[in-house]
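Trainee: Sequence first, then the predicted structure:
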2 protein chains.
Amino acid sequence: MSAEPLTVISLPETACVAAPRCAADLTEQRGVRRVSFVPKYGSETANVDVRYLWCGAPHAPTVIVQGGISADRDVCAGRDRATGWWQELVGQGAAIDLAECRVLSIDWLVPGDLGDDVASVSSEDQASALAALVDELGIGRVQAFVGSSYGAMTGLAFAAAHPDKLRSLVLLAGAHRPHPLSTAQRSVQRGIVRLGIESGRVDEALALARQLAMTTYRGSEEFSRRFAAGPELRDGRFHFPVEDYLEHAGRRFVERFDPSRFLALSESIDLHDISPERVSAPTTLVGFPSDRLVPLSDLCELQRRLGGTATLEVVDSPYGHDAFLKETVQLAPVLRHALNDCRGDR
Amino acid sequence: MSAEPLTVISLPETACVAAPRCAADLTEQRGVRRVSFVPKYGSETANVDVRYLWCGAPHAPTVIVQGGISADRDVCAGRDRATGWWQELVGQGAAIDLAECRVLSIDWLVPGDLGDDVASVSSEDQASALAALVDELGIGRVQAFVGSSYGAMTGLAFAAAHPDKLRSLVLLAGAHRPHPLSTAQRSVQRGIVRLGIESGRVDEALALARQLAMTTYRGSEEFSRRFAAGPELRDGRFHFPVEDYLEHAGRRFVERFDPSRFLALSESIDLHDISPERVSAPTTLVGFPSDRLVPLSDLCELQRRLGGTATLEVVDSPYGHDAFLKETVQLAPVLRHALNDCRGDR
């Protein structure tokens, strides 16, 4: 059932920089596998091509790592790529130590992957794909599922539906349901993109939607500190310093994201709804007080309601929701501690 | 220099309902006066028609009342109108007691009022119009300027530039500068409206901009409490409860507001920048901890920096920025106390 391209490589030793414990050979599979499951909003079994990265120490326990909706499977640097979106935390000698674990990650599915009759994709579908992939790769049971933002939602869905396939959960800046204010903000983003599609101004609309998203990611004080200067009169209009930041972020997003993918994954966040009581795996929650998108109060509720043991680590940061990407120094010991079992078992 | 229509009426006694102290005759002027001043972003003196309401007890001291950018001069009920946007707080026997004071309010100016060469309107321009109107009506000095949101910004501008024209300031949910995060949110709103104008989808764009504004007005917990229910599948798409609320608010706004007015007044908020040190009038600040648009920390800074005595009243409310409209029961004693001088002087 496996589809190509599938590459199995050994990383050169030079990839191992400043790592306290350094494995000479890491394996890397970066490929596509076809798996089958019934999507939540579909009526029949779908055959789904899942694009994944599986890399780290051969025969080491596997840790699933998933990020936000704009992240992909390239969690860490490797052959053919100089960077990964969480490379400070995933690598040889890093908190998620590729010399000790093997990291598995997938590109998020969109409705088009699930069949012609499926209009929406759910966090459960992402979890189903990961669970099927775990079987397909012969992993059996992953040591941990480390999910951030939408990845945390998928982690909860995975733990609720496939309790036999994981030992522990680590969830950063994500909860059992979206906050209704965040749903409101994303709903307006989707409205902008739909208006852009209908009026033939897709790129500008997607850029504006991203600008709006950016206003929800960083902490309020971070905005205050960075953009305190007054406006500049340019091209007959006043420009505020924060506008330059937003416009740049909007343009960059348009270069790498397409509107239908954005609509589907943004909606998927808002459709997410998992009863915490269904989750029995030991869980470490990581929250940030300045995160306005996923308020700490929602993580407190999640902690109270989880079916298994649950620890809540509160990490102070000015970076709001983006803290899961920015606070690598603070997060490293938290992740090391949460993954201790992973290393202890070997 | 006065322009018509100017009406001077006496309210019938039946307009006085449930008022503990009831004046038989109130005067009401609802008219237009032409005044002259040099706009901040203009180069020469502009002759500006100012639409105003001046009503209350004849010969009583005048209190200026100004609201947010979507408010108008119709602060209270009166002849030819059953309601006013702050009618619970302005009326006979109300906290701003029309039996004891005379309330003056204007419709916000837009750049078109200031001349063909003026592209932006400032809070200072609104203050200049009010100051000229105070002269024109022979008021001399107002007892207080009670401003909320953009009205608070205008109050500061008035007190800084025309210190001889007021005794005291009462500022609700507004500060000496906009918060950069709020500027970011308004910038995206203006971007949506500009995209709508360029693509011929003005109404939908203005509605979306209003939807975004609504997400910034109410407190986070208010959203959480009201819109906790799951989505509904309608017309082939999932609808979230909060979307129905936003869409309704968007449609209503389009009926009563036009896009160029919105663009100008939204920008005017972001251009606002008054040094608090310039303001010597005794000031009462009123802030709401759940207000994300005008964070309490900005009112704390304003209080520290004001040139005269300054009191900060913190009113707990789930309504965020909208609390100045919603918390009438809590605000009544605060306003009565702040306006005590007004009554005491008579």
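Mentor: Perfect, I can see it now.

Trainee: Please count neighbours and contacts with C-alpha atoms only from this point.
Mentor: Will do.

Trainee: contacting residues around the nearest residue to A:Ala229 once chain neighbours are set aside?
Mentor: Computed as CA to CA, 6 or more residues apart in numbering or on different chains, the closest residue to A:Ala229 that is not its neighbour in sequence is A:Pro241, at 6.6 Å. For A:Pro241, the set of contacting residues under the criterion of CA atoms under 8 Å, 6 or more residues apart in numbering or on different chains consists of A:227-232.

Trainee: please redo it, this time with the cut-off set to 7 Å
Mentor: Contact analysis of A:Pro241 by CA atoms under 7 Å, 6 or more residues apart in numbering or on different chains lists A:227, A:229, A:231.

Trainee: can you redo those as a markdown table with secondary structure?
Mentor: Formatted as a markdown table, the contacts of A:Pro241 follow (DSSP: H, G, I helix; E, B strand; the rest coil):
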| residue | secondary structure |
| --- | --- |
| A:Phe227 | coil |
| A:Ala229 | coil |
| A:Pro231 | coil |
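
Trainee: Mind checking which of these are buried?
Mentor: A:227, A:231 (16 or more other CA atoms under 10 Å in any protein chain shown).

Trainee: So for A:Pro12, what's the pLDDT?
Mentor: For A:Pro12, the pLDDT comes out at 40.

Trainee: do A:Asp117 as well
Mentor: 89.

Trainee: Tell me how far the residue nearest to A:Ala229 lies from A:Pro163.
Mentor: Using CA to CA, to the nearest Å, one obtains 48 Å as the distance from A:Pro241 to A:Pro163.

Trainee: which among the contacts of A:Pro241 gets closest to chain B?
Mentor: Using CA to the nearest CA, A:Phe227 is the member of those that sits closest to chain B, with 5.9 Å.

Trainee: how much space between that closest one and B:Asp80?
Mentor: When distance is defined by CA to CA, A:Phe227 is 46 Å away from B:Asp80.

Trainee: ranges for the strands of the stretch 151-300 of chain A?
Mentor: Assigned by DSSP state E, counting those that start in this stretch, the strands in the stretch 151-300 of chain A fall at A:166-172, A:232-234, A:237-239, A:283-287.

Trainee: ok, now which ones touch the residue nearest the centre of chain A?
Mentor: Among the residues of chain A, the smallest C-alpha distance to the mean C-alpha position (CA atoms, centre = their mean) belongs to A:Gly67, namely 1.3 Å. If a contact means CA under 7 Å, 6+ apart, then A:Gly67 has A:147-151 as its contacts.

Trainee: Give me the subset of these that lies in helices.
Mentor: In helices, defined here by DSSP state H, the members of the contacts of A:Gly67 are A:150-151.

Trainee: Turn the contacts of A:Gly67 into TSV, columns for pLDDT and distance to chain B.
Mentor: Shown next, in TSV, are the contacts of A:Gly67 (pLDDT from 0 to 100; distance: CA to the nearest CA, whole Å):
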residue	pLDDT	distance to chain B
A:Gly147	98	23
A:Ser148	98	22
A:Ser149	98	19
A:Tyr150	98	18
A:Gly151	98	21
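
Trainee: wait, doesn't A:Thr216 sit right on A:Asp291?
Mentor: No: taking CA atoms under 7 Å as the definition, A:Thr216 is not a contact partner of A:Asp291, at 8.5 Å.

Trainee: following the helix or strand encompassing A:Val48, which helix or strand shows up next?
Mentor: In the assignment (DSSP states H and E), A:Val48 maps to strand A:46-56. Heading C-terminal from strand A:46-56, the first helix or strand you meet, by DSSP H and E, is strand A:62-66.

Trainee: Tell me which residues are up against that following strand.
Mentor: Contact with strand A:62-66 is made by A:101-105, A:142-148, A:151, as judged by CA under 7 Å, 6+ apart.

Trainee: Name every strand pairing with it and say which way it goes.
Mentor: Partner strands for strand A:62-66, per DSSP bridges, with pairing direction: strand A:102-106 (parallel), strand A:142-148 (parallel).

Trainee: Spit out the contact partners of A:Arg167.
Mentor: By CA under 7 Å, 6+ apart, A:Arg167 lies in contact with A:142-144, A:281.

Trainee: Does the longest helix seen in chain A reach chain B?
Mentor: Of all segments of type helix in chain A, defined using DSSP H, the longest is helix A:180-198. Yes: Helix A:180-198 comes into contact with chain B (CA under 7 Å from any CA of the partner chain), by way of A:180-181, A:184-185, A:187-188.

Trainee: Which strand or helix spans the nearest residue to A:Asp49 once chain neighbours are set aside?
Mentor: Spatial nearest neighbour of A:Asp49, chain neighbours left out: A:Arg34 (4.3 Å); criterion: CA to CA, 6+ apart. Counting by DSSP H and E, the secondary-structure element that holds A:Arg34 is strand A:27-37.

Trainee: next one: that strand to chain centre, how far?
Mentor: Relative to its parent chain, strand A:27-37 has a centroid offset of 18 Å by CA atoms, centre = their mean, to the nearest Å.

Trainee: Show me which positions of it end up buried.
Mentor: A:27-35, A:37.

Trainee: ok, the contacts of A:Arg167 vs A:Tyr319, which is closest?
Mentor: Taking CA to CA as the measure, A:Ala144 is the one of the contacts of A:Arg167 closest to A:Tyr319, at 25.7 Å.

Trainee: Check whether the closest one really touches A:Asp164, as I assumed.
Mentor: No: using CA under 7 Å, A:Ala144 is not in contact with A:Asp164, being 11.8 Å away.

Trainee: So for the two, which residue has more residues nearby?
Mentor: A:Ala144 (26 against 14; other CA atoms under 10 Å in any protein chain shown).

Trainee: so that one bridges to which residues?
Mentor: On the basis of DSSP bridges, A:Ala144 is bridged to A:Val63, A:Ser168.

Trainee: give the contact list for it.
Mentor: Contacts for A:Ala144 were tallied using CA under 7 Å, 6+ apart; they are A:63-64, A:166-169.

Trainee: Show me which of those is closest to A:Ser199.
Mentor: Checking these against A:Ser199 with CA to CA, the nearest one is A:Ile64 at 40.3 Å.

Trainee: For stretch A:42-49, measure first residue to last.
Mentor: 16 Å.

Trainee: Counting neighbours, show which residues of that stretch come out buried.
Mentor: The neighbour-count check on stretch A:42-49 (16+ other CA under 10 Å) flags A:42, A:46, A:48-49 as buried.
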